[in-house]
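Novice: Just need the structure, nothing else, for what follows:
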Amino acid sequence: MRLQRDAFELSELAEHWGITAADIRYLVAEHRMRLSVRIVAQPVLISEEELTAEGEPFWIPAEETVYTGLADLALRDAFRLVRDGAACVSHLYLPGDRMVTLRSGDGIEFMQIDLLVRREHAEALKRELIGAPLDRGEAFDFRLFVFDGQEFAFTVPQARALEFMLEQTRAGAPDQHYLDILKAVGSASQRLSSLFSRKPLWARLVRKSGGRRGWYHLDPDFVVWLVTRG
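Specialist: The predicted structure follows:
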């Protein structure tokens, strides 16, 4: 018997379509692949979206219930799950502009194995991907930009370091040793902090990798912003 499922596991789609983990991270970050999870008998608060007179959205609590079914991940949570393998999620979304708050806002930890793609989205995505190369888009100018309300200005070698780290993140290797970063940009500096001297805000974008001395990765929020901008 062939079941008519409402969603497919991300892992089985990746195997069937022949796409890599790096492709999945790229597609999720570009918001071309929307991910969902299945909630089973969880107490939730369901809220409905309304708009102010100025057109700004806000949420109105509508119902406390026990919910079983599919719910969609926010972009930030979806990217963290495919990047890190696990994430604690407190808010999910349902069709019809509804939001689900899990366990009074404390959230539930989901794993990569929990990731699903809704049937209708999987079918549309398959038509887009099969036989079509992934378009990486235009290059971003790291020398001057505004992120999270803060202006960042970098020299050419510093900008090249950020570009290199984004390329490695998209290739599936977000954690990079500082010597490899310095070598990639042709810097004679002995430390990453020396390369970014007089630019204290660089530490907002480049984070130390926990438990790995000398390794760094781009801030996940910065990566999401980079690949979803525009």
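Novice: CA only for contacts and neighbour counts going forward, please
Specialist: OK.
Novice: residues touching the nearest residue to W215 once chain neighbours are set aside, list them.
Specialist: Nearest non-adjacent residue to W215, counting by C-alpha to C-alpha, 6 or more residues apart in numbering: H177, 4.3 Å away. For H177, the contact set (C-alpha atoms under 8 Å, 6 or more residues apart in numbering) comprises G214, W215, Y216.
Novice: next one: G96
Specialist: Contacts for G96 were tallied using C-alpha under 8 Å, 6+ apart; there are none.
Novice: in stretch 19-28, what's buried?
Specialist: By neighbour count with 16 or more other C-alpha atoms under 10 Å, stretch 19-28 contains the buried residues A21, A22, D23, I24, R25, Y26, L27, V28.
Novice: Quickly note the distance from E63 to S47.
Specialist: 7 Å (C-alpha to C-alpha, to the nearest Å).
Novice: These two: which is more packed in?
Specialist: Taking other C-alpha atoms under 10 Å, E63 and S47 do not tie; S47 has more neighbours (20 against 12).
Novice: which strand residues sit across from that one in the sheet?
Specialist: Taking DSSP bridges as the rule, S47 bridges to P61, M99.
Novice: doesn't I60 make contact with it?
Specialist: Yes. Contact criterion C-alpha atoms under 8 Å: S47 and I60 qualify, at 5.2 Å.
Novice: Can you pull the poorly scored residue ranges out of this structure?
Specialist: Scanning the chain for pLDDT under 70 picks out 1-3, 104-105, 129-139, 229-230.
Novice: how is it carved up into domains?
Specialist: Taking automatic domain parsing as the criterion, the chain consists of the domains 7-129, 144-228.
Novice: export the buried residues of stretch 19-28 to TSV and tack on secondary structure?
Specialist: Below are these laid out as TSV (DSSP: H, G, I helix; E, B strand; the rest coil):
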residue	secondary structure
A21	helix
A22	helix
D23	helix
I24	helix
R25	helix
Y26	helix
L27	helix
V28	helix
